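Novice: sequence first, predicted coordinates after that:
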Amino acid sequence: MLAQLTMLVASAPIAPSTQSTTNGNTLVLINNSPAVRGGATIYDKSGKHSITIWGETFCKGSGCVIEPGDSYTQSAISDKTIGIQWNIYRRASDGMTCDNACHQIQLNIEACTFEHLQSGYCYQTPTPRWTPDLTTQLRDSVCTIAITEQSQVDSDSDEACGCEWGQAPCDCSGEPDSVCSGVCPSDSPSTCGSSDEDGCEYCKTSSNVLTAPVQARVSASPKVTVKNNCGNDTTVIFAANAVDCQSTGSCRELVENALSSNQNAALYVAPYPFDKYSNNNYGAATLAELAPASNGDVWVDISRVSGFNHGVTIKSDAEVWRLTCNGVNCKDAYWLCDNSEGNQLFSPNSEFEGALTITFCPIDEDDTNYFEKANKCNGKNPRQQPEATNAPYICQGNSNWDLAQGGTCVTGQVEANQCKNASPEPVTSCNE
């Protein structure tokens, strides 16, 4: 959703709560937004949510995140237009686009006044919008703006929705795409993935991105260590909300918290620096996937369902078991772009015990064949790729990737060195 901004036309000004003639050039933004439903699924928590801000000269690209109750300070600010995104999933007024709620203000930093914008970036393309209730205070050359609990989503964008693994925006229309996970009224207790889905407009009945079954709630997660040997121009992404967890040192915490909360977790390697709106390569990346088991163990798999870019090893710290997939034609990973229901011909996941380590671009670890007996095609891989092809292997999205840099369009059509209309396709025969 975020992008480089230009000067926009403002609506009528909103009077600030505090006026002053003192000039100020430091901005403080405080996130006191209300507790609301985060989205349509059981993985979209209800409660208070983070805010992402961005401007023309600060927090460019993927923006700066302000957690609930926290603040952000920017000194020597000259920006006139500030973007404020509420990190909740809502469906836009077009009845299709599921994304985070967007808003912009035009700021007079010297007077610490602002105007809500009703044109510009948040109106250029279909996107859900919200109207933050803001209070201002100017003191000692510092303009403080607080987002209050009276903030709300605009009435034409008030249906909760969800996009798998944070791949927003997605299409949650009457004919939703494969990424949309559901649409529910924001004031309804019905939630996709729960025992109460009746009140929802739509819930995806099965996710073939992470195929390990969801078990009963567990109280704790095993220790999970994450390593990346793929180079300084790469980073590890926590897929659920497309967070660069390597740069923040939060991969272990995010994965373990997800497992302890009975949620699945997936990681992949992306370009660094990472911007989930401009270079998010989900759909062309290898996934390391974990799901909680009822006894405190973990279901583990390596997936090429959404693409392949780098090899990965997942193994126990006690060296009792190991899964390694170094290349696109390895043995122990879901077949490339195969989103068949239940992956009946080959479902390479299993329950493992103990602390584990995930290593992207493993060193001196040969491919494993742990799931040899699970392959119902007698060891054959119907999605075997020719040796002349190269990574990244695109299974969905990534239509802006320049194939002149390398890469393989597996399921789409190549047009002008781009992979168009790529989408996972089920493997239904061993003789594909």
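Specialist: Looks like it came in fine.
Novice: number of nearby residues for residue 388?
Specialist: 6 (other C-beta atoms under 10 Å). (Each C-beta comes from the backbone N, C-alpha and C, glycine too.)
Novice: which SS class is it?
Specialist: Recorded secondary structure, residue 388: coil (DSSP: H, G, I helix; E, B strand; the rest coil).
Novice: show the contacting residues for it.
Specialist: Residues near residue 388 by C-beta atoms under 8 Å, 6 or more residues apart in numbering: none.
Novice: any idea how far it lies from residue 397?
Specialist: Note on residue 388: its distance to residue 397, by C-beta to C-beta, to the nearest Å, is 24 Å.
Novice: could you list the low-pLDDT ranges of the stretch 101-250 of the chain?
Specialist: The model of the stretch 101-250 of the chain has pLDDT under 70 over residues 165-166, 206-220.
Novice: quick one, strands of it?
Specialist: For the stretch 101-250 of the chain, the strands defined by DSSP state E, counting those that start in this stretch cover 104-108, 113-116, 130-131, 134-139, 142-147, 152-153, 159-163, 170-171, 180-185, 202-203, 224-228, 234-238, 243-244.
Novice: out of these, flag the one nearest residue 412.
Specialist: In terms of C-beta to C-beta, the element of those nearest to residue 412 is strand 170-171, at 16.4 Å.
Novice: buried sites along stretch 368-387?
Specialist: By neighbour count on 16 or more other C-beta atoms under 10 Å, the buried set for stretch 368-387 is 368, 371, 375, 381-383, 385.
Novice: can I get stretch 224-234 in PDB, CA atoms only?
Specialist: The C-alpha trace of stretch 224-234 is given here as PDB (Å, rounded to 0.1, in the frame of the first residue of the first chain):
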ATOM      1  CA  VAL A 224      13.500 -22.400  17.400                       C
ATOM      2  CA  THR A 225      16.700 -21.000  16.000                       C
ATOM      3  CA  VAL A 226      16.800 -19.300  12.600                       C
ATOM      4  CA  LYS A 227      20.000 -18.800  10.500                       C
ATOM      5  CA  ASN A 228      20.600 -17.200   7.100                       C
ATOM      6  CA  ASN A 229      23.700 -18.000   5.000                       C
ATOM      7  CA  CYS A 230      22.300 -16.600   1.800                       C
ATOM      8  CA  GLY A 231      24.200 -13.300   1.800                       C
ATOM      9  CA  ASN A 232      24.100  -9.800   3.100                       C
ATOM     10  CA  ASP A 233      21.700  -8.800   0.400                       C
ATOM     11  CA  THR A 234      19.000 -11.100   1.800                       C
END
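Novice: before we move on, the earlier item: and the strands of the stretch 101-250 of the chain, which is most packed in?
Specialist: Among the strands of the stretch 101-250 of the chain, judged by mean count of other C-beta atoms under 10 Å, the one packed with the most neighbours on average is strand 159-163 (a mean of 29).
Novice: for that one, packing partners?
Specialist: Packing partners of strand 159-163 (3 or more C-beta pairs under 8 Å, 6 or more residues apart in numbering; DSSP states H and E): strand 81-91, strand 97-101, strand 180-185.
Novice: output those in JSON lines, with distance to residue 31 appended to each entry.
Specialist: Below are these laid out as JSON lines (distance: least, C-beta to C-beta, whole Å):
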{"stretch": "strand 81-91", "distance to residue 31": "9"}
{"stretch": "strand 97-101", "distance to residue 31": "14"}
{"stretch": "strand 180-185", "distance to residue 31": "25"}
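Novice: after the helix ranked longest in the chain, next one along is what?
Specialist: In the chain, taking DSSP state H as the definition, the longest helix is helix 251-260. Sequence-wise, the next helix or strand downstream of helix 251-260 (DSSP states H and E) is strand 265-271.
Novice: what comes up buried for that next one?
Specialist: For strand 265-271, a neighbour-count test (16+ other C-beta under 10 Å) marks 265-270 as buried.
Novice: model confidence over it, on average?
Specialist: The average pLDDT for strand 265-271 rounds to 96.
Novice: quick one, whichever helix or strand comes after that strand and helix 251-260 angle?
Specialist: Next helix or strand after strand 265-271 toward the C-terminus (DSSP H and E): strand 287-292. Relative orientation of strand 287-292 versus helix 251-260 (axes from the mean of the first three to the mean of the last three C-alpha atoms, to 10 degrees): 40 degrees.
Novice: in its sheet, what does strand 287-292 sit against?
Specialist: The strands beside strand 287-292 in its sheet (DSSP bridges) come out as strand 265-271 (antiparallel), strand 298-303 (antiparallel).
Novice: how much space separates residue 114 from residue 147?
Specialist: Distance, residue 114 to residue 147, by C-beta to C-beta: 12 Å.
Novice: do the same with residue 325
Specialist: Distance from residue 325 to residue 147, by C-beta to C-beta: 44 Å.
Novice: same check on residue 84?
Specialist: Residue 84 sits 7 Å away from residue 147, going by C-beta to C-beta.
Novice: what's the overlap in contacts for those two?
Specialist: Listed as contacting both residue 84 and residue 147 by C-beta under 8 Å, 6+ apart are 29, 51, 132.
Novice: nearest to residue 139 among the residues you listed?
Specialist: The shortest approach to residue 139 among these belongs to residue 29, at 15.1 Å (C-beta to C-beta).
Novice: now that closest one: closest residue in space, sequence neighbours ignored.
Specialist: Once flanking residues are discounted, residue 29 sits nearest to residue 72: 4.9 Å by C-beta to C-beta, 6 or more residues apart in numbering.
Novice: fine by me, thanks again.
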